[in-house]
Each structure stands twice: as C-alpha cells, then as structure tokens.
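Visitor: With the input below, show me the fold.
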Amino acid sequence: MKLTVAILAAGKGTRMNVPDLPKVLVPMNNKPLLGYVLETIEQLKSSKTVVILGHEKEKVNNFLSQNSFSNIKTVLQEPQLGTGHAVDQTRSELIESNSDVMILCGDVPLITLETLNSFIKYHNDNNSSLTVLSAIAPNPTGYGRIIRDDNNNFVRIVEQKDANEIEKSVNEINSGTYIVKSELLFSALERINNSNAQGEYYLTDIVEIIKNDGYKVMAYPTSNIDEIHGINSIDDLNLAEEKLNKSNREFNILGLQQIAIGSEDKTKHSQLWQSLFGLPKISEYRSESENVDEDILRIGKGIAEVEVDIMQPLDINKKPAVHSPTLNHIGLWVDNLEAAYNSLELNGVRFTPGGIRKGASGHNVCFIHPKGNEQSPISGEGVLIELVQAPKELINKLK
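Guide: Here you go, the predicted model:
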C-alpha cells in the first residue's frame with residue numbers, strides 16, 4: 001500500500017521564548033525544526049505529505065514555498081481543538097488516498113530515516129491496521145503511556161493527565177507517531193470526543209476505537225528514545241542541539257588514555273603514585289629535544305587502563321616548563337584520529353607542529369596546542385591535549 005504523511009505543525013510553542021514564531025519554525029542550528037522532519041520524510045518518497053497549519057500559518061507557508069519539498073499540501077486547523085481535530089483537517093486530502101497514513105509531529109527533529117523505515121516494515125510485516133511508535137523512557141512524565149495486557153499485547157494509550165497511579169508507573173511511552181490505514185483513520189476520527197481533562201479531541205483515541213472495531217493494532221518500540229523527543233522548551237532545544245551535533249560529528253572521544261603530571265622534581269610524585277598508590281611503572285621516556293624525563297605508570301586494568309606520566313624537565317632553565325601548570329598534559333582515546341584532526345582544524349583549533357605522527361605510546365597521535373593564536377584561536381588553555389588513535393579492539397568495546 002502506498003504511503004502518505006500528515007505532519008502536525010499548528011502549535012504555538014509558548015515556552016520557546018519566540019512568540020512571533022510557530023513552534024515548528026523555531027531554529028535548531030539555524031534550521032527550523034520542521035525542516036529536519038521534512039528532509040527525513042522526503043527520503044521516504046511518500047505520494048503526498050500534508051502539513052497541518054495553525055499558529056502563524058503564513059510564516060509556515062512561506063517556509064514551505066521557499067524550499068523544494070516534494071508533494072506538499074497544506075490544510076488549516078482553526079480553531080485548534082486537539083491533535084485528533086488537527087488530523088481530521090487532512091480529510092479532504094487523504095480520505096480517498098487508499099494509503100497507509102503516517103502521522104507525526106513537526107517538532108521531532110531527531111527522528112531518523114532508519115527508524116521510520118523500521119517502523120513501516122514492522123507495520124507491514126505484521127499486517128497491522130494501526131501501529132504506534134513507542135519507546136521505553138527512563139522518565140515517562142508528561143507522555144501518554146502504552147498499556148499492554150499480561151501477554152504483552154497492546155491494549156490502549158492513556159494520556160498523563162488521565163492516567164491513574166498504576167498507569168503513570170508504566171515507562172513505555174507514545175511518541176505521537178502512527179501509521180494507520182486511511183479508511184480506518186477517518187472513520188475513527190468521526191467517533192472521538194472531548195470528554196477528557198483537557199477538553200480536547202485526542203488523536204490517541206483512534207487507537208482504542210480501531211482496536212474495538214476488531215482490527216489489528218500494535219506498538220513498535222524504537223531503540224533510541226532521543227529520536228522521538230518533541231521540543232517543548234528551551235532546555236529541550238538545547239539538549240536536542242547537543243545530541244544532533246554529537247551524531248553529526250565524524251569522530252568520538254572514547255575515554256581517557258593518559259594524564260601527565262609535571263614538576264621540577266618528579267621524585268615525590270613517583271613515590272606517591274608508585275609506592276603509596278601501588279601503580280606499576282611500565283617504562284621510562286627521556287627526550288633531549290623535548291626537555292623531558294618521565295616515568296610512565298599504569299592505572300586500571302583492561303579497557304579501563306590509563307597511562308600516568310610523571311614528568312620533570314631535564315634542564316629546569318629550558319622550555320617546555322613541564323612543571324607548570326601541575327596538570328599540563330591529558331591524552332584522550334579517539335575512534336577516528338584523522339577525522340578529528342581535520343574537523344577540529346576547520347573549526348579553529350590550533351595543533352602543535354607536526355600534525356599526526358607516531359607517539360611515545362606507539363599509537364598515532366596529534367596535540368592540541370596549549371595556547372591559541374589569531375588564525376587558530378581555540379586551544380587547550382594551558383593544557384596540552386593529546387588525541388590518540390584508539391586500537392580497533394578498544395573502539396569495538398567502547399562504542
């Protein structure tokens with residue numbers, strides 16, 4: 001069956017501190033939230049995508065007209081009487097579509113194509129008439145709960161404000177994303193009412209209606225709860241930006257590889273760390289060119305092993321002055337050192353001369369300079385940061 005899409009985009013977003021914008025146009029990394037959703041939907045190649053407008057509809061329309069999204073139609077929800085009422089506004093566009101209608105919110109920018117394709121496959125493989133996308137939430141407060149029977153079969157969705165204490169303790173939540181056969185969708189929407197705590201027409205009510213009509217209804221739990229989080233506050237937006245930036249990075253910091261402790265005389269440090277802390281000394285390193293004499297110790301075991309370097313200058317009158325500051329060198333395991341170097345350099349990070357090379361540890365390394373300059377102002381601010389290429393076995397265990 002062909003796929004069509006309905007996107008809820010009528011909300012005000014009163015907690016976003018941008019009263020002149022609808023919530024779906026609030027920018028995240030300089031792109032509106034709705035833009036992320038539509039770019040993902042575009043890859044699904046739906047036969048039609050209907051965007052439900054409301055608050056500041058002209059601005060959303062302008063955004064849509066300025067971008068080349070395929071097969072976009074718009075409908076207006078006015079007044080705004082709930083999510084069920086919103087989806088019902090797509091009736092003129094979708095009731096005769098003979099399609100599976102995917103319904104999702106315009107403020108879920110982290111939803112991925114991979115998740116949506118898995119969701120669609122689950123729906124089709126199980127010959128479901130309606131499928132809910134769900135997730136297991138560490139803190140389900142504020143979300144509708146997925147209620148299952150003793151055999152783990154889906155029963156219904158109950159909203160937070162209408163849930164009893166037992167239902168509130170359930171941690172499987174409704175994402176607000178559904179796939180439902182078009183002919184069943186609009187039949188069910190005709191029968192929902194607003195007899196609830198909010199006095200609104202809940203889209204969730206169609207689930208119980210369709211199930212009671214004898215059709216197969218299921219819930220598919222996604223493995224990544226971050227993808228389904230809606231943006232309802234500035235804190236939500238900041239968190240989503242952080243997660244998006246992390247997922248877009250070409251490299252990851254896997255953990256601490258080493259620390260270096262400098263002093264004019266390493267004797268007392270070595271006594272503390274070796275004799276009193278019990279750290280074994282695994283090697284030494286001396287370099288005239290680097291003016292350094294160090295004992296290399298080991299702390300931890302297995303994948304938690306970290307190198308501790310106790311350093312002193314060979315000549316106190318020569319640079320580098322490894323005794324100041326006290327902690328002046330930190331090494332970090334990186335899964336893709338070349339990608340890290342290129343990405344950070346493009347973003348204004350200053351590296352020490354020499355680029356990527358073989359380090360004393362035997363691994364490829366590069367060093368973020370402890371001091372920046374005008375061309376590359378970002379630095380370690382007094383700490384020499386060493387990025388170390390992690391071996392494959394460590395990457396596989398830590399990622």
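
Visitor: Quick check, residue 341 in contact with residue 351.
Guide: Yes - using Cβ atoms under 8 Å, residue 341 is in contact with residue 351, at 7.0 Å. C-beta: built from backbone N, CA, C; applies to glycine.

Visitor: Need the overlap of contacts for those two.
Guide: Common contacts of residue 341 and residue 351 (Cβ atoms under 8 Å, 6 or more residues apart in numbering): residue 366.

Visitor: Please name the nearest non-neighbouring residue to residue 375.
Guide: In space, and not counting its chain neighbours, residue 375 is closest to residue 350: 7.6 Å by Cβ to Cβ, 6 or more residues apart in numbering.

Visitor: Next one: that neighbour from residue 344, what distance?
Guide: Residue 350 sits 9 Å away from residue 344 when distances are taken as Cβ to Cβ, to the nearest Å.

Visitor: which residues are common contacts for the two?
Guide: With contacts defined as Cβ under 8 Å, 6+ apart, the residues shared by residue 350 and residue 344 are 368, 378.

Visitor: Residue 167 against residue 145, yeah?
Guide: Yes - if you go by Cβ under 8 Å, residue 167 and residue 145 touch, sitting 5.4 Å apart.

Visitor: out of these two, which sits in the busier spot?
Guide: More neighbours surround residue 145 than the other of residue 167 and residue 145, with 24 against 16 (other Cβ atoms under 10 Å).

Visitor: Please identify the helix or strand for the closest residue in space to the more buried one that isn't next to it in sequence.
Guide: Spatial nearest neighbour of residue 145, excluding adjacent residues (Cβ to Cβ, 6+ apart): residue 170 at 4.3 Å. Counting by DSSP states H and E, there is no helix or strand that carries residue 170.

Visitor: Kindly give the local confidence score, pLDDT, for residue 170.
Guide: In this prediction, residue 170 carries a pLDDT score of 93.

Visitor: What of residue 240?
Guide: So residue 240 comes in at 81 (pLDDT).

Visitor: Surely it and residue 231 touch.
Guide: Yes - contact criterion Cβ under 8 Å: residue 240 and residue 231 qualify, at 6.0 Å.

Visitor: more neighbours, these two?
Guide: The neighbour count for residue 240 versus residue 231, taken as other Cβ under 10 Å, is higher for residue 231 (26 against 22).

Visitor: So the more buried one is in contact with residue 110, correct?
Guide: No - applying Cβ under 8 Å, one finds residue 231 not in contact with residue 110, separated by 9.4 Å.

Visitor: Mutual contacts of these two, please.
Guide: With Cβ under 8 Å, 6+ apart as the test, residue 231 and residue 110 both reach residue 240.

Visitor: and residue 220, which of the three is it?
Guide: Assigned by DSSP: H, G, I helix; E, B strand; the rest coil, the conformation of residue 220 is strand.

Visitor: which ones are touching it?
Guide: If you count contacts by Cβ under 8 Å, 6+ apart, residue 220 has them with 118-119, 122-123, 131-134.

Visitor: Distance of the closest residue to it other than its chain neighbours relative to residue 221?
Guide: Leaving aside its sequence neighbours, residue 220 sits nearest to residue 122 (Cβ to Cβ, 6+ apart; 4.4 Å). Going from residue 122 to residue 221 by Cβ to Cβ gives 10 Å.

Visitor: between those two, which one's more packed in?
Guide: The neighbour count for residue 122 versus residue 221, taken as other Cβ under 10 Å, is higher for residue 122 (18 against 15).

Visitor: Within the helices and strands, which one has the most centrally placed residue in the chain?
Guide: Nearest residue to the geometric centre of the chain (Cα atoms, centre = their mean): residue 243, 3.5 Å. Residue 243 belongs to helix 234-248 when assigned by DSSP H and E.

Visitor: Could you give the separation of that helix from the chain centroid?
Guide: Its chain's C-alpha centre lies 6 Å from the corresponding centre of helix 234-248 when counted by Cα atoms, centre = their mean, to the nearest Å.

Visitor: Now the following helix or strand past it: buried residues?
Guide: Per DSSP H and E, the first helix or strand lying C-terminal to helix 234-248 is strand 253-262. For strand 253-262, burial by neighbour count (16 or more other Cβ atoms under 10 Å) applies to 254, 256-262.

Visitor: returning to what we had before: my read: the residue nearest to the centre of the chain touches residue 226, true?
Guide: Yes - Residue 243 is in contact with residue 226 according to Cβ under 8 Å; the separation is 5.4 Å.

Visitor: okay, and the common contacts of those two?
Guide: Here residue 243 and residue 226 have residue 110 as joint contacts, going by Cβ under 8 Å, 6+ apart.

Visitor: Straight-line length of stretch 178-191, end to end?
Guide: Stretch 178-191 has an end-to-end distance of 18 Å (criterion: Cα to Cα, to the nearest Å).

Visitor: Show me what counts as buried in that stretch.
Guide: For stretch 178-191, a neighbour-count test (16+ other Cβ under 10 Å) marks 178-182, 184-186, 188-189 as buried.

Visitor: And for stretch 7-22?
Guide: Judged by neighbour count using 16+ other Cβ under 10 Å, the buried positions of stretch 7-22 are 7-11, 13, 16, 21-22.

Visitor: returning to that earlier point: what's around the residue nearest to residue 145, how many residues?
Guide: Residue neighbour count, defined by other Cβ under 10 Å, stands at 18 for residue 170.

Visitor: ditto for residue 73
Guide: Per other Cβ under 10 Å, the neighbour tally for residue 73 reads 15.

Visitor: Does the closest residue to it other than its chain neighbours lie in a helix or a strand, and which?
Guide: Setting aside the residues directly before and after it, residue 73 is nearest to residue 50 in space (Cβ to Cβ, 6+ apart), at 4.9 Å. Using DSSP H and E, residue 50 sits in strand 48-53.
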